[in-house]
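> Let me see the structure of the following:
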Amino acid sequence: LSIVFRIAGAEEYRRGRIPAYSAAVDDYFGRFADEDAVTMVRKLRDQYGISHDAVVKLAVHLEAGPGLQEAVPLDQVTTLGNRWRVNAARAFLDELREFSKASQFDEFFEQWQELFSVTAQRLQAQLGTADLAWLDEYFGEPSKSLRVVPGMLTGRTSYGATVEMRSGKDRYAIVGVEAVDESGRPRFERVVVESVVHELCHSYLRPVLETNFESLRDSATALYLLQRPRMEAQAYRSGYTVMNETLTRACTNRYLQAKGLPEEVESDFAYNRSRGFLWIEDVTRQLEEFERHRERYPTFADFAPELIRFFDSLTRDLPQTVEELNARRPRIAKLIPPNGATDVDPSLEAIEVTFDQTMRTGTWSVVGGGPRYPKTGTPSYDADGKVFRLPVELEPEQDYELWLNRGPHRSFASEEGIPLDPVHVSFRTGAF
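The predicted structure is shown next:
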């Protein structure tokens, strides 16, 4: 499915970070771009919003193999998601089977078995330290299975999905491949455990949210509207999605707490604040109440009334909290060259950004591309963490522009994790 969506132009499936594999997919399947299955993908996206995790949710409901048969009748499940219409899904699967035959998909799949095998082995090696059994215990909900699958074309993006059968729930984490080694094969860092826990948490939380969302709607909408630009930059376009992400991120942090990983806990807080979830620490503290009284709350669903009251209170007080955080937000004290300058010396060796406070020196987001983006070297901070230096090679009489933080890329942040508001930097060089 991800291949067909990629060929159809779905941006979220064109972010693959395995260059050889992505190129092979485009080369092999590009000539089938006019097949009915590909055309139907574009219609499904326009008509029903089929994108991102909706693709994964259909995939996990199918049996493995070229037949693409329904593992469980689609008209008998509640885990397909509200974007799919059963008739549309089945019509699409008919076209997808024809696409598989016409493209001889099995031959392509067989050619890449060695890469698939290495990827799975490396992912499993990193997951060796994960305690996924904690999830069933924490939420008080049994699982038939917990399954982790590498997303070969999703880049940094990961997804969660569930298949509910009479025999129980199969819960899936589709984990994006973020990087490759020198041989071009996927590699996974320890942080992948957090991604897996995060995506699996979605599976436990969705039923709780769906049952209680009417009572949470006002609070969820308030959270969304309070941080709307930042949420929409991450494709979180509704109160429901923001509430879902809020609880998922809080539960993931509680996993890190339970496993005795204080550095990861603080890093996770900072990351979530940089993504706009300024209330994340308040929510995790509320979950401590759930953990202290498990005799009263055997399942997470039993805790829902307390969460409803908590979020009602939180959203009443949150605007003041956001105002206080904005007062602490980092700002640029000095920029070399000055923003908007029109006669910059082309021999300038570096763009320098001086902040009004100490920053997190391990990360940054310099965003841009195309002919106006300068040729750059390796960035660095000074010893005090206040001056960021970006080496550049400039040409005379040339317009340049870049962003410091933009969209979901907000890694310029203070020591406490509050991100810099996006800054558009532009200038023009003079003659030698």
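> Pull the residues that contact stretch 343-358.
With CB atoms under 8 Å, 6 or more residues apart in numbering as the contact definition, stretch 343-358 has outside contacts at 330-337, 374, 377, 384-392, 394-398, 404, 414-415, 420, 425, 427-432. Glycine gets a C-beta too; all of them are placed from N, C-alpha and C.
> redo that, cut-off 7 Å
330-337, 384-392, 394-396, 404, 414-415, 427-430, 432 (CB atoms under 7 Å, 6 or more residues apart in numbering).
> Show the end-to-end separation of it, please.
30 Å (CA to CA, to the nearest Å).
> which parts of it are buried?
For stretch 343-358, a neighbour-count test (16 or more other CB atoms under 10 Å) marks Val344, Pro346, Leu348, Ile351, Val353, Phe355 as buried.
> want to throw the residues you listed into CSV with secondary structure and distance to Glu281?
What follows is the buried residues of stretch 343-358, written out as CSV (DSSP: H, G, I helix; E, B strand; the rest coil; distance: CB to CB, whole Å):
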residue, secondary structure, distance to Glu281
Val344, strand, 42
Pro346, coil, 47
Leu348, coil, 41
Ile351, strand, 34
Val353, strand, 28
Phe355, strand, 23
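> got the contact list for Gln320?
Per CB under 7 Å, 6+ apart, neighbours of Gln320: none.
> so how far is Ala327 from it?
Distance, Gln320 to Ala327, using CB to CB, to the nearest Å: 11 Å.
> okay, which residue is most central for the chain?
In the chain, the centroid-proximal residue (CA atoms, centre = their mean) is Thr157; its distance is 4.4 Å.
> Give the helix, strand or coil label for that residue.
Here Thr157 is coil, with the state taken from DSSP: H, G, I helix; E, B strand; the rest coil.
> ok, it - contacts?
Glu12, Arg15, Gly176 are the contacts of Thr157 under CB under 7 Å, 6+ apart.
> make it 8 Å
Thr157 makes contact with Glu12, Arg15, His52, Gly151, Gly176, according to CB under 8 Å, 6+ apart.
> wait, is the first one part of a helix?
In this case it means Glu12. Yes: assessed with three-state DSSP, Glu12 lies in a helix.
> Give me the spatial nearest neighbour of it, chain neighbours excluded.
His52 (5.3 Å; CB to CB, 6 or more residues apart in numbering).
> Next, the buried residues of whichever strand or helix holds Asp136.
Asp136 is part of helix 133-139 when elements are defined by DSSP states H and E. For helix 133-139, burial by neighbour count (16+ other CB under 10 Å) applies to Leu135, Tyr138, Phe139.
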